[in-house]
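Participant: only the shape, not the letters, is given here:
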Ligand code: ADP
Ligand code: MG
């Protein structure tokens with residue numbers, strides 16, 4: 001590829017809403033055959049809302065929202081922001097969180113609120129702390145996940161006490177984006193830290209095969225999924241938005257960051273999709289093939 005052709009490709013990219021780190025980036029897209037898509041914030045809007053509160057007998061919704069809301073208020077995660085906003089609306093002011101607050105990436109949050117040691121996050125986080133869900137909460141969780149919602153377990157003082165449901169929506173353009181990626185001969189793969197039921201629901205909505213869904217993947221293991229695909233002989237593009245996607249974006253043969261995502265993702269990516277529109281990922285790959293093709 002001549003430098004001039006690559007510069008033309010770069011300029012066309014800017015018009016399409018694609019920021020390219022350097023003209024040489026286009027070279028690496030040529031052989032891409034697999035596109036790994038992060039779920040939250042990439043395939044879905046990431047603009048989640050609190051949609052339900054299920055507490056065990058003897059615990060009020062108000063208390064759940066006060067404690068979980070206060071704790072999530074200290075986290076930047078989209079799930080956390082939905083819970084903090086919903087809780088603040090429902091109960092008014094939220095109490096402070098003690099200095100022991102800990103953000104547990106890909107799992108949830110922990111901290112002391114009103115003298116209670118509170119955990120909020122994946123069911124697994126609570127189970128690992130010896131707080132299994134009682135049947136009523138396990139049922140609430142299963143119903144939420146069947147609908148494609150995310151269930152957040154809340155426990156304090158050694159017992160699981162509530163399940164909050166948070167719903168996200170698939171972006172209106174995601175199914176079309178997957179169709180276009182397939183039309184380019186690429187195999188779409190869904191990669192998420194969220195649970196298998198939510199991941200399956202999102203995959204079905206956008207047309208990703210059940211066998212190409214990797215769910216409940218911890219942030220540090222996302223990079224391993226990309227590496228494994230590469231070891232199978234695939235040339236991998238990864239599209240992501242989160243801090244938890246940065247290592248996988250760097251490992252991929254081509255990293256595409258959502259411009260609506262975190263700075264860490266944008267720094268790790270080779271390309272930025274300025275408007276956060278996944279259909280532009282297909283444009284980016286088509287553009288680079290065309291740019292390189294014209295000068296072959
Ligand atoms: P994704 O890979 O889909 O972008 P993450 O790896 O950031 O998601 O998180 C995985 C899962 O962990 C989330 O879907 C959510 O269920 C849970 N989780 C992460 N952080 C929090 C939090 N602060 N509060 C509640 N749940 C959380
Ligand atoms: Mg994400």
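Facilitator: Yes, it's here. What you see is a predicted model; the values in this text were computed from it and never measured. Ligands and ions are numbered 1, 2, ... in the order given.

Participant: only C-alpha atoms from now on, for both contacts and neighbour counts.
Facilitator: Noted.

Participant: got any ranges where the stretch 1-150 of the chain has weak pLDDT?
Facilitator: 1-8 (pLDDT under 70).

Participant: those strands in it, which residues are they?
Facilitator: Taking DSSP state E, counting those that start in this stretch as the test, the strands found in the stretch 1-150 of the chain are 18-20, 34-38, 49-55, 102-104, 108-113, 116-121, 150-156.

Participant: dump these to TSV, plus mean neighbour count and distance to ligand 2.
Facilitator: Converted to TSV, the strands of the stretch 1-150 of the chain look like this (neighbours: other C-alpha atoms under 10 Å; distance: least, C-alpha to the ion, whole Å):
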stretch	mean neighbour count	distance to ligand 2
strand 18-20	22	19
strand 34-38	25	6
strand 49-55	19	16
strand 102-104	15	15
strand 108-113	24	14
strand 116-121	24	16
strand 150-156	27	14
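
Participant: domain map for this structure?
Facilitator: 3-45+170-294, 49-167 (automatic domain parsing).

Participant: any chance you could list what contacts the lengthiest helix in the chain?
Facilitator: Identified as the longest helix of the chain according to DSSP state H is helix 279-294. Residues outside helix 279-294 that contact it (C-alpha atoms under 8 Å, 6 or more residues apart in numbering) are 1, 5-6, 8-9, 13, 16-18, 26-27, 29-30, 173-174, 176-178, 180-181, 184, 239, 256, 273.

Participant: of those residues, buried ones?
Facilitator: Buried members of those, counted by 16 or more other C-alpha atoms under 10 Å: 5-6, 9, 13, 16-18, 26, 29-30, 174, 176-178, 180-181, 239, 256, 273.

Participant: distance of the residue nearest in space to the middle of the chain relative to ligand 1?
Facilitator: With distances taken as C-alpha atoms, centre = their mean, residue 40 lies nearest the centre of the chain, 2.7 Å away. Residue 40 sits 4 Å away from ligand 1, going by C-alpha to the nearest ligand atom, to the nearest Å.

Participant: ok, residue 252 next?
Facilitator: According to C-alpha to the nearest ligand atom, residue 252 and ligand 1 sit 16 Å apart.

Participant: count of neighbours near whichever residue of the stretch 101-250 of the chain sits closest to ligand 2?
Facilitator: Of all residues in the stretch 101-250 of the chain, residue 242 sits closest to ligand 2, at 4.5 Å by C-alpha to the ion. Neighbour count of residue 242, defined by other C-alpha atoms under 10 Å: 23.

Participant: now swap in the one 4 residues further on and tell me
Facilitator: Here the count is done by other C-alpha under 10 Å, and residue 246 has 27 residues near it.

Participant: from memory residue 108 sits against residue 123, does it?
Facilitator: No. Residue 108 lies out of contact with residue 123 (C-alpha atoms under 8 Å); the separation is 9.5 Å.
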